[in-house]
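Participant: Build me a model:
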Amino acid sequence: MQHIFVLNPAAGQTDTTATLAQKIQATLGRSAVIYYTKGIGDATAFVRKYAQTHTEDSLRFYACGGDGTFSEVVGGAVGFSHVAVGLIPVGTGNDFVRNFKSSESFLSIDCQRDGKEIPIDLLRCNDRYCVNMLNTGFDCEVVAKMQEIKRRVPAGMAYALGVVIELIKKPCATMTVYADGELVDSGKRLLCAVGNGSFYGGGYHPLPDASLSDGYMDICLVKNVSRPRFVTLIGKYKKGTHIVPKTKKIIRVLRCRKLLLEFPEARRVSIDGELIMLDRCEVEVLPAALRLVLPVGCAMLHDEGL
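Facilitator: Modelled structure (predicted):
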């Protein structure tokens, strides 16, 4: 088995790749392959090319960065039966690992090396892959603001500050929503979060029942509520306690295998933190499409018998 570490020097607030490379080499010696990404999309291209040209052995690619780096590595690994993907979370938000108990083991090279491989689902959004969460509306604009300010504020504060800044404008999205071929919602919505995983935004918990391995995606739709009403909800939304009977008139949660979002004009959609412009977003669950390296000591919050 080959262990290939894909290090993103741009991840997080400071470049920690030199220290991480030393830890990797101290644990695995010269048998480890270390690759430094050169820009957006480079991780996907590297993983795909390496997998295509090294078919004689099992490969484990470890994304060393944030959720965006992980998503890029996954995008390159999809479709290769001899490839598994792990994550060493040294980015800013690191939301994917929040879907696991004892997630600190993701930072251990020993636990990664000795970890087992488990199947998890992926989401395919048009021609892209999503491993954790996609969203549009208010929270998507917060992602855009967070990316603008994250290197100027302490780690963990960028998303919260983005919420405060965007609350002044309170951007929303007009959309039509089809779930498994049926029209389920239409109109102006504050936000729409679509999850394979449960968390985003540095710990916000919009989809507390989402599972990485159940063959479904979870969707949270929030109506265009007033600013005062939003302020009363945001704390519960972060904790994952917002889905209660008294909020059912403004918050709708559903599950499906296929989802279609249509917008009257192109707008921002965040796919694992990457912002793209879309006027139509077709999302499909790909059950057990990825082999994930689960470090020793970790378990999924929602364990579907794995």
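Participant: Could you use CA atoms for every contact and neighbour count after this?
Facilitator: Noted.
Participant: can you pull the alpha-carbon coordinates of the lowest-mean-pLDDT helix or strand in the chain into CSV?
Facilitator: Lowest mean confidence among the helices and strands of the chain (mean pLDDT, DSSP states H and E): helix 158-169, at a mean of 76. Taking C-alpha atoms only, helix 158-169 is exported to CSV below (Å, rounded to 0.1, in the frame of the first residue of the first chain):
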residue,chain,number,x,y,z
ALA,A,158,-14.5,34.3,10.4
TYR,A,159,-17.8,32.6,9.8
ALA,A,160,-19.4,34.2,12.9
LEU,A,161,-18.2,37.6,11.8
GLY,A,162,-19.5,36.9,8.3
VAL,A,163,-22.9,36.2,9.7
VAL,A,164,-23.0,39.6,11.5
ILE,A,165,-21.9,41.5,8.4
GLU,A,166,-24.3,39.7,6.0
LEU,A,167,-27.2,40.1,8.5
ILE,A,168,-27.2,43.8,7.6
LYS,A,169,-28.0,42.9,3.9
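Participant: after it, next one along is what?
Facilitator: strand 173-179 (DSSP states H and E).
Participant: Give me the packing partners of that next one, helices and strands only.
Facilitator: Secondary-structure packing of strand 173-179 (3 or more C-alpha pairs under 8 Å, 6 or more residues apart in numbering; DSSP states H and E): strand 182-195, strand 258-271.
Participant: okay, the angle between that strand and strand 258-271?
Facilitator: Per axes from the mean of the first three to the mean of the last three C-alpha atoms, to 10 degrees, the angle that strand 173-179 makes with strand 258-271 is 140 degrees.
Participant: any idea how far strand 173-179 is from the chain center?
Facilitator: 21 Å (C-alpha atoms, centre = their mean, to the nearest Å).
Participant: List the buried residues of it.
Facilitator: Residues of strand 173-179 classed as buried: 173, 174, 175, 176, 177, 178, 179 (neighbour count, 16 or more other C-alpha atoms under 10 Å).
Participant: biggest separation within these, which pair?
Facilitator: The span of the buried residues of strand 173-179, defined through C-alpha to C-alpha, is set by 173 and 179 at 17.6 Å.
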